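>>> Can you look at this prediction? I've put the sequence above it.
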Amino acid sequence: MKEIVIISGKGGTGKTSVSASFAVLGGKDVIVADCDVDAADMHLLLKPDYEISEEFYSGELAIIKQEDCIKCGKCKDVCRFGAINIIENKYITDPLSCEGCGYCARVCPTETIINIDLNVGNWYISNIRTGSKMVHAKLATGADNSGKLVAQVKNKAKELAEKMNKKYIVVDGSPGVGCPVVSSLSGASYVVLVTEPTVSGLHDLKRVYELVKKFNLRAGCIINKYDLNISVTREIEKFSEKEQIDKLAKIPYDKSFTEAVIQKLTVAETDNKIKPLLQKTWENIKNKINETN
């Protein structure tokens, strides 16, 4: 079982559209893992049925038991995060500000404050219209610990792939270089970098590739909308050549991406000039994984 992780240095490059297309092209051989838990949207294209739904708990939240509170204010004084406020003469914890450190509970003279496990979202296992399954999640509004939720999604996807004897896991990672991306890259067989020919696109491609290098992973690059800025496309190609990043595809700007999304389909399922490019790229990626392993 091989794990293909699709990431981008910034949002809006077409990463999810490419990931969903690979999921469709791989069909029943692929388990899909949507690890972009902060802004998950693979479900819009793959029509999951949410067969299994589980709450995900990570971190803690301080709760002040009002009936025992003597309103001494010590908890508010020691909170470094400004998470305890006085509302209608009651000391109340703001769940969006509380870091669950437990210091307020430690200084409370009446042991009025308790820490409870924090529900930061839900994760799901779904049947999808490719005939396979997808593991995905939704992070609660304002919640932290997205990296841990990504790890949960990936672990469940691996369990499913091994149990169902699937050849590939296609992982739609988060944009950027933060904790969710680090978690997405763990255990990858091959990394696909999706970028666009803009100054910010090139800058963020370089940043995210530094992260990929630290994992010592082989990577390939897809330049989406390459024809919108040929000079920056050349700079991306020079950077890829210098860093020995595989050149996977240059995809021209085409309205078929948007038209497919409107129909709730991937661009690999409609009649357009992008489809054969993606088909060739998918086969190329599989060949490169076999070379590497």
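Perfect, thanks for sending it. Numbering: from 1, shown residues only.
>>> Nearest spatial neighbour of K167, chain-adjacent residues omitted?
D29 (4.4 Å; Cβ to Cβ, 6 or more residues apart in numbering). The C-beta positions use only the backbone N, C-alpha and C, and glycine is treated the same way.
>>> ditto for A268
S21 (3.9 Å).
>>> So for N293, what's the pLDDT?
We note a pLDDT of 55 for N293 in this prediction.
>>> Spell out which residues make up each domain of this structure.
Per automatic domain parsing, the structural domains of the chain span 2-47+128-292, 60-119.
>>> Nearest to S53, out of the ones you listed?
Distance to S53, taken as Cβ to Cβ, is lowest for domain 2-47+128-292 among these, at 9.8 Å.
>>> Do I have it right that I116 meets G59?
No. Between I116 and G59 there is no contact under Cβ atoms under 8 Å: 10.2 Å.
>>> what are the ranges of the strands in the stretch 51-200 of the chain?
Counting by DSSP state E, counting those that start in this stretch, the stretch 51-200 of the chain has strands at residues 52-64, 84-87, 90-93, 113-127, 133-139, 168-175, 190-195.
>>> of I116 and G59, who's got more company?
G59 (17 against 11; other Cβ atoms under 10 Å).
>>> residues in contact with the nearest residue to E269 once chain neighbours are set aside?
Leaving aside its sequence neighbours, E269 sits nearest to V24 (Cβ to Cβ, 6+ apart; 5.9 Å). Applying Cβ atoms under 8 Å, 6 or more residues apart in numbering to V24 gives the contacts T130, T266, A268, E269.
>>> repeat for K156
With Cβ under 8 Å, 6+ apart, K156 has these contacts: W123, I125, V135.
>>> Adding distance to G11, pLDDT and neighbour count, write those out as CSV.
Putting these into CSV (distance: Cβ to Cβ, whole Å; pLDDT from 0 to 100; neighbours: other Cβ atoms under 10 Å) gives the following:
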residue, distance to G11, pLDDT, neighbour count
W123, 22, 95, 21
I125, 26, 97, 21
V135, 22, 97, 27
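>>> just to revisit the earlier point, quick check: which element contains the residue nearest to E269?
helix 15-26 (DSSP states H and E).
>>> relative to strand 168-175, how tilted is that helix?
170 degrees (axes from the mean of the first three to the mean of the last three Cα atoms, to 10 degrees).
>>> Just the residues contacting the helix or strand just after helix 15-26, thanks.
Once helix 15-26 ends, the next helix or strand along the chain (criterion: DSSP H and E) is strand 30-34. Residues from elsewhere that reach strand 30-34, judged by Cβ under 8 Å, 6+ apart: 19, 22-23, 40-43, 46, 128, 130, 132-137, 153-154, 157, 160-161, 164, 166-172.
>>> Name all residues that make contact with the residue nearest the centre of the chain.
Closest to where the C-alpha atoms of the chain average out (Cα atoms, centre = their mean) is D36, at 2.1 Å. Contacts for D36 (Cβ under 8 Å, 6+ apart) come out as T16, M42, D172, G173, S174, P175, P180.
>>> Poorly predicted segments of the stretch 101-250 of the chain, please.
145 (pLDDT under 70).
>>> Apply 80 and report the result again.
Applying pLDDT under 80 to the stretch 101-250 of the chain flags the ranges 141-146.
>>> Can you show me the helices along it?
103-107, 146-163, 179-185, 199-214, 230-242 (DSSP state H, counting those that start in this stretch).
>>> Now do the residue lying closest to E237 once chain neighbours are set aside: how many residues are near it, please.
Counting by Cβ to Cβ, 6+ apart, E237 lies nearest to K247, which is 7.0 Å off, once chain neighbours are set aside. Using other Cβ under 10 Å, K247 is surrounded by 14 other residues.
>>> Then the one 10 residues further on?
For F257, the count of nearby residues is 21 (other Cβ under 10 Å).
>>> swap in the one 5 residues further on?
Other residues near I262 come to 8 when the count uses other Cβ under 10 Å.
>>> Quickly note the distance from it to K156.
31 Å (Cβ to Cβ, to the nearest Å).
>>> what's the answer for V37, then?
13 Å.
>>> do the same with L118
20 Å.
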